[in-house]
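Enquirer: Sequence plus the predicted model coming up.
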Amino acid sequence: MVSLLDRELGKLFAPRLLKPPVDWAFDNCVLRDNVSELPGSLKVFPYAESPLNDLVDPNINKVTLCWGSQSSKTTTMYAGIAYLLSEFPKDTLWIMPSAENARNFSKGRWLPFIDDCSPLKSQCPVSPASGRVDTDKITNMRQEFLSCTLTFAGAGSENNVKSAPVAYLVLDEIDEIDPDIRLAALERIKGRREYKIIQTSTPKEEVGGIWEEYLYGDQRKYFMPCPHCDEDIEFTWRQKDKSGNLRYSIAFDDDAKLEDGSYDFHKIYASARYLCPCCDGEILDAHKPGMIKAGQWRSTNLNAPMGHRSYHLSSMYAPAITFASLMVNWLQVSSSPHGLRKFIQGNLAEPWREDWINQDQAEANELELDYERGELRGEFRVMGVDTQTDSFWFVVRGFDRDGTSYLVDYGQVASFSELDLAFDQHKCHAAIIDCAGDRTSEVYEEVYRRRSKWFGSRGWANLQGEQPYRLQMKDPFTGDAKGRAGKSKIRYLHVNKKIYEEDMSRLRTRQMSGFYTFTDTPKVYYDQLFSTYWTKQTDKSGHIKVVKKIKRSKGDHLWDCEILARALSKFIGIARIDRDTAIVEAQEQRPKKKPINRSRGGASFWS
C-alpha cells in the first residue's frame, strides 16, 4: 500500500505538465473592451503561435517582432510575458521609450491585465492588514511577485536601466530607445546561461533599430496557400506579375480612377482585392482567415545565429484591416512625404529607405494622361531652365491651383531667343533659370532683360533652417544683393534641392499624386527624370551616409528643370494653403505706378 507520504513525494517529483502558451493564454488571459477590439479570452492569431512557442524553447534566447500596426504585437507580448512570469518566474526588466510611457502603460493596461489573469494574480503578495494585494509591493513601476520581480523603466537615462541582473529583458518600441540605453540594458543579462530578450517595434530607419535586429535574426516571413492555385505566397505591397512586370499587389476597378487623376474611394472600397502573383487570382478579405490559419513561418536567413528568431509581418495580415482600407489610406497619404513615411513604417513594417525613392522607370508611362505634347494644360505655366556650357535644357509644366501639374513640353535649345519662342508658344506665366556655372554673367543680363517674368536661381544641398527657398533681389551687373550699388535688380531664388528632390522622387514614382506627362512621352525625358538615385556608403570613420548619384550616360538636366519649376510654383503661391491667390496672378493685375517726379520747382539741377 502506498503511504500518504509517498503520494505527496510522487506529486513533488512528477514531470511537470505544461500547457502550450496559446492554450494557456486562452484559459488564463482576458482582454478588457477598453484595450482590445476583441475583448474576452485572449485568442492568439495563428501567426503569433510560433513567437509564443519560442519563449519556452530553451534553444531560443532572442525573439524580435518587426510587425505592423493592429497585427496583435502588443497582445502577443502580453501573453508571452504573463506565461513566463507564471510558469517560469524570473526577474524581468521591461523598458519603454520613456518613464511616462511605462507608467501609463502599466497603470492603464498591464495592472488590469494582471487582475484578470488568475495565475499572475495568485503570485501577488497580500497585505496582512487588508487581505488584498499589497500595493506597496505591486506598484506601477515595480511588481514584486512571490517568485520574481517585474520592473518597468523608461529609456530616458542609463540610470533607469542599471540595477540587479535579470533573466528576461523586454525592449518595447526599440526604435524609440537610444542605442546606448539598449546596450546598458543588455548588460543586465550578461553572464547568464538562460535568458530571453524580447524586442518589438515598428521600424523607423534601416540602421540601429528593429529592422537591423530583424536582419540579424533568421528573418522569418509568413507564407500562406493561395485559395485559387494553392501556391504559397506572402502578402507584399508591390509584386511582380507572371510576366515579370512590377505592380501594386492590391488592385481595384479601372473606373475608380477619374479623368482628372483623382479617385472614387467608394468604388475602391467596393472592388479592392489582392492579386496572387502566381495565378492572378483575386484574393478577397474573406479569404484571409483561412489563408492565415493554413500559413507557416519560413526562415529566409540560413546564416543567422541559432538562438535568434526574427519575424516580419505587415498590417496586410491583420484580420481587422481590409485591402481596401490600406489602398485608400495609401492614395490619401501619397501626396505627403510625412504621411507616406508613416504608412510605410506603420502598415508595411518597413524602414524609410532609399528603395522608395530609387524605383526604376519601368512604370513611368503610368504618369501619362490622355493629352498631346504642347497642349496647354494647367492654369499657370512655368518654365524651368538648366544652363549648360553650349545649350539650355527646359521644361514647361502647367499647374492647377491645387498643385496638380502637367508636362506641356521639354527640349534642348542653343539660345535665349529659342527659349523666348517656347515661353510665348506655351503662354508661360513665369520662368526660372539656373545661374550657376561659367555663364553666370550672361544669364544675369538675360534675366534682367526679362525681369518682369523671369527669375534667376541657384540650387543648394540645403538651406539654413531647412527653408524650402529664399528670395534675394540681386544686381545683375555688380552681383550686389544688399542694395549698396545700382538700382537694377533681378529676382534671385535660392532653392533647397534636398526638399524638392525628395518631392520629385515621390512624384515620379506616383507615391505622391498629381504629377503627369503627356501621351507617349519620349524615353529621353524619363531617362533624365529617373537618372538621379541615392545610395548608402560608409565613410572612413564607419559612419553611414546617404550619397546622391547619377546613372551613367543619362544626364539629369530635365530633372533639374523639374526641380526649379516645382520650387517656383510653390513660391508664386500654387498649392500653398497660406495663399489664396498666386503671386503671378496678382502681378498681372497690379496697375503700373506712375513715375515719381522728384524735382523741385519744376527744373532739374542741370537745366
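Expert: Now that the structure is in, tell me what you want to look at.
Enquirer: give the contact list for the residue nearest to the spatial centre of the chain.
Expert: Geometric centre of the chain, nearest residue: R341, 2.1 Å, by CA atoms, centre = their mean. R341 makes contact with W352, according to CB atoms under 8 Å, 6 or more residues apart in numbering. Any C-beta I mention is one placed from the backbone N, CA and C, and that applies to glycine too.
Enquirer: Using the three-state scheme, assign it.
Expert: Using DSSP: H, G, I helix; E, B strand; the rest coil, the secondary structure recorded for R341 is helix.
Enquirer: Show the pLDDT at it.
Expert: At R341, the model reports a pLDDT of 81.
Enquirer: before we move on, what about the one 10 residues further on?
Expert: For P351, the pLDDT comes out at 86.
Enquirer: So which residues of the stretch 501-607 of the chain form helices?
Expert: Applying DSSP state H, counting those that start in this stretch to the stretch 501-607 of the chain gives helices spanning 523-529, 557-571, 583-589.
Enquirer: Out of those helices, which is the most enclosed?
Expert: helix 557-571 (a mean of 25; mean count of other CB atoms under 10 Å).
Enquirer: Let me see the mean pLDDT of it.
Expert: Computed over helix 557-571, the mean pLDDT rounds to 93.
Enquirer: all numbers from here: first residue = 6
Expert: In the new count, where the first residue is 6, that last one comes out as helix 562-576.
Enquirer: circling back: got the helices of the stretch 506-612 of the chain as a markdown table, with distance to S132 columns?
Expert: A markdown table is the format used below for the helices of the stretch 506-612 of the chain (distance: least, CB to CB, whole Å):
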| stretch | distance to S132 |
| --- | --- |
| helix 528-534 | 71 |
| helix 562-576 | 65 |
| helix 588-594 | 72 |
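Enquirer: For the stretch 406-555 of the chain, which residues score under the pLDDT cut-off?
Expert: 470, 484-492, 539-552 (pLDDT under 70).
Enquirer: any idea where the strands of it begin and end?
Expert: For the stretch 406-555 of the chain, applying DSSP state E, counting those that start in this stretch gives strands covering 410-418, 435-439, 459-465, 474-479, 495-501, 520-521, 537-543, 549-555.
Enquirer: Out of those, which gets nearest to S152?
Expert: Closest to S152 of the strands of the stretch 406-555 of the chain, according to CB to CB: strand 549-555, at 44.5 Å.
Enquirer: re earlier: state the distance from the residue nearest to the centre of the chain to L512.
Expert: R346 is 15 Å from L512, where distance means CB to CB, to the nearest Å.
Enquirer: and if you look at D405?
Expert: According to CB to CB, D405 and L512 sit 14 Å apart.
Enquirer: Give me the more crowded residue out of the two.
Expert: More neighbours surround L512 than the other of D405 and L512, with 22 against 16 (other CB atoms under 10 Å).
Enquirer: quick one: contacts for K126?
Expert: K126 makes contacts with I119, D120, V138, as judged by CB under 8 Å, 6+ apart.
Enquirer: what about 6 Å?
Expert: I119 (CB atoms under 6 Å, 6 or more residues apart in numbering).
Enquirer: T537 now?
Expert: The contact partners of T537, taken as CB under 6 Å, 6+ apart, are I555, D561, W564.
Enquirer: Name whatever forms a beta bridge with it.
Expert: Listed beta-bridge partners, T537: I555 (assigned using DSSP bridges).
Enquirer: now it: how far from I437?
Expert: Distance, T537 to I437, using CB to CB: 19 Å.
Enquirer: if we can go back for a sec, which one of the helices of the stretch 506-612 of the chain lies nearest to D429?
Expert: The closest of the helices of the stretch 506-612 of the chain to D429 is helix 588-594. By CB to CB, the value is 15.4 Å.
Enquirer: Just the mean pLDDT for the closest one, thanks.
Expert: Average pLDDT, helix 588-594: 48.
Enquirer: And stretch 293-310, by the same measure?
Expert: The pLDDT scores in stretch 293-310 average 94.
Enquirer: likewise stretch 178-197?
Expert: 83.
Enquirer: Kindly check the end-to-end length of it for me.
Expert: End-to-end span of stretch 178-197 (CA to CA, to the nearest Å): 24 Å.
Enquirer: Report the distance from it to the chain centre.
Expert: Taking CA atoms, centre = their mean, to the nearest Å, one finds stretch 178-197 lying 25 Å from the centre of the chain it belongs to.
Enquirer: Could I get the buried residue list for that stretch?
Expert: For stretch 178-197, a neighbour-count test (16 or more other CB atoms under 10 Å) marks E178, I179, D180, I182, I186, R187, A189, A190, R193, I194 as buried.
Enquirer: Make a markdown table out of these and add distance to S248 and secondary structure.
Expert: Shown next, in a markdown table, are the buried residues of stretch 178-197 (distance: CB to CB, whole Å; DSSP: H, G, I helix; E, B strand; the rest coil):
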| residue | distance to S248 | secondary structure |
| --- | --- | --- |
| E178 | 41 | coil |
| I179 | 40 | helix |
| D180 | 37 | helix |
| I182 | 44 | coil |
| I186 | 49 | helix |
| R187 | 45 | helix |
| A189 | 52 | helix |
| A190 | 49 | helix |
| R193 | 53 | helix |
| I194 | 51 | helix |
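Enquirer: With that, I have no additional questions.
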